[in-house]
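> One predicted model, sequence on top.
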Amino acid sequence: MERKVGFKEALKMFWKNYVNFKGRSRRSEYWYMVLWHLIFMAPAFALYFFAFIFLASGAASNSDGMLAFGVILMFLGIGYSAIYSLATLVPNWAIMIRRFHDTGRTMLIPLIFLGVFVVTYPITIVINIRDEQLTNPINMVLMILISLIYFGFSIFMIVIACLDSERKTNKYGPSHKYGNHIPASDKDTKAYNQNQSTNQTTNNAQHNSNLNEENSDLKQVNRNNYPFGEHQDETKPSSNHNNDHKY
């Protein structure tokens, strides 16, 4: 059993596994990172709050200066949120997929949700631009349907993120919480061993390649230092040395 992932360690692991969609992630790793997201988004929340204050005060007092300052704060908040969301988009999906793996599930549901989001998000943007008040019944039905799909997927993924780690070793590796002392099923063991064998073969091939390159470099150095074959292997005794021992 490994020790629990700490608050600071969760942040390091999040960025270290930026594009790691393999393996498993514990609940503590996932939910500590959710807390880190709230902390990093605090400046944006503050900008939105003060922007609302200035916009409301400017509208009540007809102050163009306060309205302009409120708009500036609002744009700053939106810009900060957009930059942070783009920077954490890939690692957020990676840690969610590893959380699914940790519970013994595949990445199918997160990928379906991502596909649905990519397809429906442009639709919501077009509807908001063309029919902001949703006066067209078709647009209203589409927006309600899309919202329900988002809500359903979100609830399902939150539930999965709250589940405990699968105790046994599955095809994504041993449990970081319970260790590998609990036997896995034959199917999971075979899949995991195949992945480990592939990784080991790749590492061995790379190691042998590095050794061959080192030997080639060493031979080249010997040729440069002893161009006329004057170099003698120190591990072999010379004939003169053997003759001296005969007398």
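That came through, no problem. Residues are numbered from 1 along each chain as shown.
> and this structure, what are its domains?
For the chain, automatic domain parsing gives the domain ranges 7-182, 185-228.
> most neighbours per residue, which of those domains?
Of the domains of the chain, the one with the most neighbours on average (mean count of other C-beta atoms under 10 Å) is domain 7-182, at a mean of 15. C-beta coordinates here come from the backbone N, C-alpha and C atoms, glycine included.
> and Ile39, which of the three is it?
helix (DSSP: H, G, I helix; E, B strand; the rest coil).
> just Ser147 next, same as before
Each residue gets one of three states, and Ser147 gets helix by three-state DSSP.
> Look at it and report its pLDDT.
Here the pLDDT value assigned to Ser147 is 93.
> Report the contact partners of it.
Neighbour list for Ser147: empty [criterion: C-beta atoms under 8 Å, 6 or more residues apart in numbering].
> can you do 10 Å?
The neighbourhood of Ser147, defined by C-beta atoms under 10 Å, 6 or more residues apart in numbering, consists of 120, 124.
> Among the domains of the chain, show the one with the smallest mean pLDDT.
Among those, domain 185-228 scores lowest, at a mean of 60.
> mind checking the SS state of Leu134?
With three-state DSSP as the criterion, Leu134 reads coil.
> Identify the residues contacting the residue nearest to it when sequence neighbours are not counted.
Distance criterion C-beta to C-beta, 6 or more residues apart in numbering; nearest residue to Leu134, sequence neighbours excluded, is Met140 at 4.5 Å. Contacts here follow C-beta under 10 Å, 6+ apart; on that basis Met140 touches 127, 131, 133-134.
> With Lys12 instead?
Contacts of Lys12 (C-beta under 10 Å, 6+ apart): 5-6.
> could you pull out the helices for the chain?
Secondary structure of the chain (DSSP state H): helices at 7-16, 27-40, 42-61, 64-102, 108-130, 137-162, 186-225, 239-246.
> so which of those comes closest to Lys168?
Among the helices of the chain, helix 186-225 comes nearest to Lys168, with 7.3 Å by C-beta to C-beta.
> For the helices of the chain, could you give me a markdown table that also reports distance to His176?
Formatted as a markdown table, the helices of the chain follow (distance: least, C-beta to C-beta, whole Å):
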| stretch | distance to His176 |
| --- | --- |
| helix 7-16 | 10 |
| helix 27-40 | 8 |
| helix 42-61 | 29 |
| helix 64-102 | 8 |
| helix 108-130 | 19 |
| helix 137-162 | 15 |
| helix 186-225 | 14 |
| helix 239-246 | 60 |
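> Tell me which of the ones you listed sits nearest to Asn170.
Proximity to Asn170, assessed across those by C-beta to C-beta, is greatest for helix 186-225 (4.6 Å).
> before we move on, back to that, columns distance to Leu163 on top of the contacts of Met140, output as JSON lines?
Converted to JSON lines, the contacts of Met140 look like this (distance: C-beta to C-beta, whole Å):
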{"residue": "Ile127", "distance to Leu163": "35"}
{"residue": "Asp131", "distance to Leu163": "40"}
{"residue": "Gln133", "distance to Leu163": "41"}
{"residue": "Leu134", "distance to Leu163": "37"}
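> All set, thanks.
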